[in-house]
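Enquirer: build me a model:
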Amino acid sequence: MVLTAAARDALARVGTARRGALTLVIGNGCCDSTAPYLFESYLTGPGEVALGELAGAVEVVLDRQLVPLFAGHEVVIDVVEDPAGDSFSCESELGLRFTLARLPALHGAATR
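Expert: Model (predicted):
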C-alpha cells in the first residue's frame, strides 16, 4: 500500500487529535463498499485480515473476502475534501474522506 502525501498528512492530523490506536479498514460494507474507513480503537473481526501498517502507526485491515481482489495490485490511499461528509470515519471530522485505487502491481513494491 502507498500513501499519497495528502493522505499521510491527514493520518498525522487525525493521530494528533485522537488518543486511541488508529486502524484503516477496507471492508465489504453496504454503503461505500470498499471505501477505506479510519477508526479509533477498532476491534478486528474474525472475517478480517491484517495487511500491515501505514505511516508507522496505523494498522490496515482488509475483509477476508476481498483478498483475491487486491492480490497483484498496488493499492494507493489518497484523501479528498468532503466538507458535507456524514461518515463514521475519523477523517470526516476534518472535512476529508479517504479513497483508494487499485493499480497494477509494481515489482518490489511494499507496504509503506
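Enquirer: show me the shaky parts of this structure.
Expert: Residues of the chain meeting the criterion pLDDT under 70: 28-33, 105-112.
Enquirer: what segments of it are strands?
Expert: Counting by DSSP state E, the chain has strands at residues 2-3, 22-26, 36-40, 48-54, 58-63, 73-81, 96-104.
Enquirer: can you tell me which of those is packed in deepest?
Expert: Ranked by mean neighbour count, those are led by strand 22-26 with a mean of 23 (mean count of other CB atoms under 10 Å). C-betas here are computed from N, CA, C, even on glycine.
Enquirer: just the residues contacting that strand, thanks.
Expert: Residues from elsewhere that reach strand 22-26 (CB atoms under 8 Å, 6 or more residues apart in numbering): 11, 14-15, 34, 36-40, 42, 44, 48, 54, 57-63, 66, 70, 77, 90, 98, 100.
Enquirer: need phi/psi at residue 47.
Expert: phi -100, psi 20 (degrees, to the nearest 10).
Enquirer: and what of residue 44?
Expert: According to degrees, to the nearest 10, residue 44 has phi -60, psi 140.
Enquirer: can you pull the contacts of the residue lying closest to it once chain neighbours are set aside?
Expert: Closest residue to residue 44 apart from its sequence neighbours, by CB to CB, 6 or more residues apart in numbering: residue 61 at 5.5 Å. Counting by CB under 8 Å, 6+ apart, residue 61 makes contact with 23-26, 42, 44, 48-51.
Enquirer: mind redoing it with 10 Å?
Expert: 23-27, 36-37, 39, 42, 44-45, 48-52 (CB atoms under 10 Å, 6 or more residues apart in numbering).
Enquirer: what sits opposite it in the beta ladder?
Expert: Taking DSSP bridges, one obtains residue 25, residue 50 as the residues bridged to residue 61.
Enquirer: fine by me, we can end here.
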